[in-house]
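> heads up, no residue letters with this:
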């Protein structure tokens, strides 16, 4: 495990704080000897990531500003990566956002603005990021995004984010088809519910966690490290024949019909 990503250049997008799934992935990648870069949005997030990097002895990692709603910022981020890394071996896309008021009540009350925002940030951003990552992956590479069961089934109060995740998962398949012959793989990890800052925006999230724990075959919540280890696998040579997949790391919850 501690050499699976040795000498690989990896970009991680979406670290917000120490509870982020993206941060758990970053720590596992660091332990696997990857050379890391992070994107951030705003000075508050930048300071938070800098503090985390210092705690984990990641001070050599790159920090790059990037607003994924702006193509010019995405392009600039990858230009910086080209100058610093030369080539790129992997991208972890852990970016999603919806208005809090859209994550409760009836989906039919979703606003046009809220729908467009959720799709742009949570789904289209993967397409845009992949477009600019592709030229740097001239030796092949792996792109991993984070999704949730709400993209496959109705999860109460997930609403517009569930629809965005469905678009994200479809994008994974189309992008995997576009890039497969260039040895660039695109996959998604569908993680079980985890207590992150973003998850707290979903109304009655605590009840969702309780119901999950009562029903899930493994009888417990999923840990962020388990999701992170799957991301290491997907960015390593061990998964060289896997692309276009949604891999569930949810203790088996997705297999249930009740």
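Alright, I've got the coordinates. Everything numeric in this text was worked out from a predicted model, so none of it was measured.
> Could you look up the SS state of residue 3?
Using DSSP: H, G, I helix; E, B strand; the rest coil, the structure places residue 3 in coil.
> For it, which residues are in contact?
For residue 3, the contact set (CB atoms under 8 Å, 6 or more residues apart in numbering) comprises 32, 33. To be clear about C-beta, it is placed using only N, CA and C from the backbone, and glycine gets the same treatment.
> And it, what's its pLDDT?
Per-residue pLDDT puts residue 3 at 89.
> Okay, helices next: where are they in the stretch 1-150 of the chain?
With DSSP state H, counting those that start in this stretch, the ranges of helices along the stretch 1-150 of the chain come out as 21-31, 43-55, 71-85, 112-119, 125-133.
> What lies in contact with stretch 111-129?
13, 68-69, 71, 74, 91, 93, 95-99, 101-102, 143, 145, 160-161, 163-165, 167-168, 171-172, 175.
> If we use 6 Å, what do you get?
68-69, 74, 93, 95-99, 102, 145, 160-161, 164, 167-168, 171 (CB atoms under 6 Å, 6 or more residues apart in numbering).
> Out of those, list just those in strands.
The members of these that map onto strands under DSSP state E are 93, 145.
> Write a ChimeraX command that selects only the buried members of the contacts of stretch 111-129.
The following ChimeraX line selects those of the contacts of stretch 111-129 that are buried, judged by 16 or more other CB atoms under 10 Å:
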select :68,74,93,95,96,97,98,99,102,145,160,161,164,167,168,171
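> what's the helix or strand for residue 153?
For residue 153, there is no helix or strand it lies in under DSSP states H and E.
> residue at max distance from the center of the protein?
Largest separation from the mean C-alpha position in the chain: residue 258, at 27.6 Å (CA atoms, centre = their mean).
> Report the buried residues of the least confident helix or strand in the chain by mean pLDDT.
Here the helix or strand of the chain ranked lowest by mean pLDDT, DSSP states H and E is helix 205-215, holding a mean of 80. In terms of neighbour count (16+ other CB under 10 Å), helix 205-215 has its buried residues at 205, 208, 209, 212, 213.
> Same question for stretch 99-112.
Quick answer for stretch 99-112 (16+ other CB under 10 Å): 99, 102, 103, 110.
> what's the answer for stretch 37-49, then?
Neighbour count says stretch 37-49 has 37, 38, 39, 40, 41, 45, 46, 48, 49 buried, by 16+ other CB under 10 Å.
> mind checking how far it is from the chain centre?
The chain centre lies 16 Å from the centre of stretch 37-49; the measure is CA atoms, centre = their mean, to the nearest Å.
> just stretch 177-184 next, same as before
Distance, stretch centre to chain centre, for stretch 177-184: 20 Å (CA atoms, centre = their mean).
> What are the buried residues along that stretch?
By 16+ other CB under 10 Å, the buried positions in stretch 177-184 come out as 179, 184.
> Please renumber the chain so that the first residue is 35 from this point on.
Sure, I'll start numbering at 35, so the last one becomes stretch 211-218.
> end-to-end on it?
End-to-end span of stretch 211-218 (CA to CA, to the nearest Å): 10 Å.
> what's the closest non-adjacent residue to residue 42?
Ranked by CB to CB, 6 or more residues apart in numbering and with sequence neighbours excluded, the top spatial neighbour of residue 42 is residue 123, at 4.0 Å.
> Contacts only, for that neighbour.
42, 43, 175.
> what do you get for residue 179?
127, 160, 222.
> Same list (the residues you listed) but as TSV, adding distance to residue 190 and pLDDT.
Rendered in TSV, the data for the contacts of residue 179 read as follows (distance: CB to CB, whole Å; pLDDT from 0 to 100):
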residue	distance to residue 190	pLDDT
127	26	98
160	25	98
222	22	98
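> Out of the contacts of residue 123, grab the one that's most surrounded.
Counting neighbours by other CB atoms under 10 Å, residue 175 leads those with 24 neighbours.
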